[in-house]
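[1] here is a sequence with its predicted model. Questions after.
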Amino acid sequence: MSNPQHLQYSKEHEWLTAAEDGVSTVGITAFAADALGDVVYVQLPEVGQAVTAGESCGELESTKSVSDLYSPVDGEVTEVNQAVVDDPALVNSAPFEDGWLFKVRLAGAPEGLLSADEYAAHTGN
Amino acid sequence: MSTTRRTALDARHRALGATMTDFAGWDMPLRYGSEREEHNAVRTRAGLFDLSHMGEIAVAGPQAGALLDHALVGSLSPLAVGRARYTMICREDGGILDDLIVYRTGDEEYLVVANASNAQTVLDALTERAAGFDAEVRDDRDAYALIAVQGPEAAGILSGLTGADLDGLKYYASLPATVAGIEALVARTGYTGEDGFELFVDPASAEALWDALTEAGREAGLVPCGLACRDTLRLEAGMPLYGHELSTELTPFDAGLGRVVKFEKTANEGRFVGRAALEAAAEQAAAEPPRVLVGLVSPGRRVPRAGYSVVTAEDGAVIGSVTSGAPSPTLGKPIAMAYVDAAHAAAGTQVAVDIRGSREPVEVVALPFYKRAR
């Protein structure tokens, strides 16, 4: 699955949409979802929680392992995807669409994120 | 330079788009697609596994049986030709070096199959323990590729490729046969909790056999399966895995597998490596039960994993440790195996697991989690 050109990416394999009214959507990439294997449990941050770029704000559990979920930006969580909590397999089946994880009101301009092509180079794809 | 070894089926795995992983120095398929779908295929139809990383050691000669009786905790010399047995090799102090399947392939010939990670250790130990016996220990790791077909459709798939009497082949038995024109040792063994077969063949024939099985199994829904689902399958079946449930720190009695130790051996006047320590361990286990290997089932979604503490639900006191855990595709819940203090080992006991700082309730259940209908 290719990385959508309109998103920005973190080296920790999150993606971020361009902000609309100051709010961006966050998910994990197809590369990350594939590396995890079947995701069976997703713990997301709470609405209203402050998140910090590069810091853990949740976890993703797959058959074989547990991984931290990092926020790609500083901000405040405005919404979480309950559908993915109920059906974690969405992370595998639609990582860039229905498998989105949370929305965040940006505290500032995102820093240090990669373009789709830069991220592809980062993952060696 | 990489020293990672590749099996004779490596090109097939790559052509199938497998996610590969390093396992005991081998580059092995972890999964081809979804490990959950592979798991379910083995439970309901059939799965095809490359297990060529397993360590085959031939033991041959007039005293092959006596050597194995001396070197292993089981009693192998009375084993009938064509039968197989689950056993262990222990140190002098009783610690488990590995668990093994031993096939008797002839009057004076046995095939010992060790875990990939322990193959060299087992080979070295058997070689050393062979001193004084009229028997040869031969490293046959490169002589075999090992392909397994597991699942309720396995017998049907295989029967279309061989004239061998599969109906007459019992569980834990083997016979030499021709499968799809390829000479194989066909064994009714496996590590999935399902009916199935393990086929030992010349590595040069492995691709042809893999392809023939793939073709023969197409209609029955056979799919290639990786190590990820092999682990969840064996966990549901309550089968121990070396490095998790078994280690040099434990005797077979500590692991709840004291039944594999045979003190009444016919050969060597009953002497075998580890006997004294194991007698003491047996007495100790009878007098004061050690921690007991149990199953845990979680009503939640977070998974108890290897190394996590088992604690009391009331005050969080540590009463054991998880050895293996995974979401069970068959039960639809997280399951785990754990060693717990005997006082908390009864089925139905409510305990908890410390999952990264939070105390998650789990129930103790009897193993296995899954048993196929026969």
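    On my side now, so go ahead.

[2] leaving out the residues flanking it, which one is nearest to the most centrally placed residue in chain A?
    The C-alpha lying nearest the average C-alpha coordinate of chain A belongs to residue A:27 (Cα atoms, centre = their mean; 2.4 Å). Closest residue in space to residue A:27, ignoring its immediate chain neighbours: residue A:100 at 4.3 Å, by Cβ to Cβ, 6 or more residues apart in numbering or on different chains. In this view, the C-beta of every residue, glycine as well, is placed from N, C-alpha and C.

[3] pretty sure that neighbour sits against residue A:24.
    No - using Cβ atoms under 8 Å, residue A:100 is not in contact with residue A:24; the gap is 10.4 Å.

[4] surely the residue nearest to the centre of chain A forms part of a strand?
    Yes - applying DSSP: H, G, I helix; E, B strand; the rest coil, one finds residue A:27 inside a strand.

[5] quick one, what contacts it?
    Residue A:27 is in contact with A:14, A:15, A:91, A:95, A:96, A:99, A:100, A:101, counting by Cβ atoms under 8 Å, 6 or more residues apart in numbering or on different chains.

[6] in a markdown table, list these along with secondary structure and pLDDT.
    Formatted as a markdown table, the contacts of residue A:27 follow (DSSP: H, G, I helix; E, B strand; the rest coil; pLDDT from 0 to 100):
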| residue | secondary structure | pLDDT |
| --- | --- | --- |
| A:14 | strand | 96 |
| A:15 | strand | 97 |
| A:91 | helix | 97 |
| A:95 | coil | 97 |
| A:96 | coil | 97 |
| A:99 | coil | 97 |
| A:100 | coil | 98 |
| A:101 | coil | 98 |
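
[7] related to what we said a few turns ago, ok, the residue nearest to residue A:27 - contacts?
    So residue A:100 contacts A:25, A:26, A:27, A:81, A:84 (Cβ under 8 Å, 6+ apart).

[8] which residues in the stretch 51-200 of chain B form helices?
    Shown for the stretch 51-200 of chain B, the helices assigned by DSSP state H, counting those that start in this stretch span residues B:64-71, B:119-129, B:154-159.

[9] for residue B:124, the count of nearby residues, please.
    12 (other Cβ atoms under 10 Å in any protein chain shown).

[10] ok, it to residue A:72 distance?
    50 Å (Cβ to Cβ, to the nearest Å).

[11] what comes up buried for the host helix or strand of residue B:319?
    For residue B:319, the enclosing helix or strand under DSSP states H and E is strand B:318-328. By 16 or more other Cβ atoms under 10 Å in any protein chain shown, the buried positions in strand B:318-328 come out as B:319, B:320, B:322, B:323, B:324, B:325, B:326, B:327, B:328.

[12] quick check: end-to-end length of stretch B:14-25?
    18 Å (Cα to Cα, to the nearest Å).

[13] if I look at residue B:216, how far off is chain A?
    28 Å (Cβ to the nearest Cβ, to the nearest Å).
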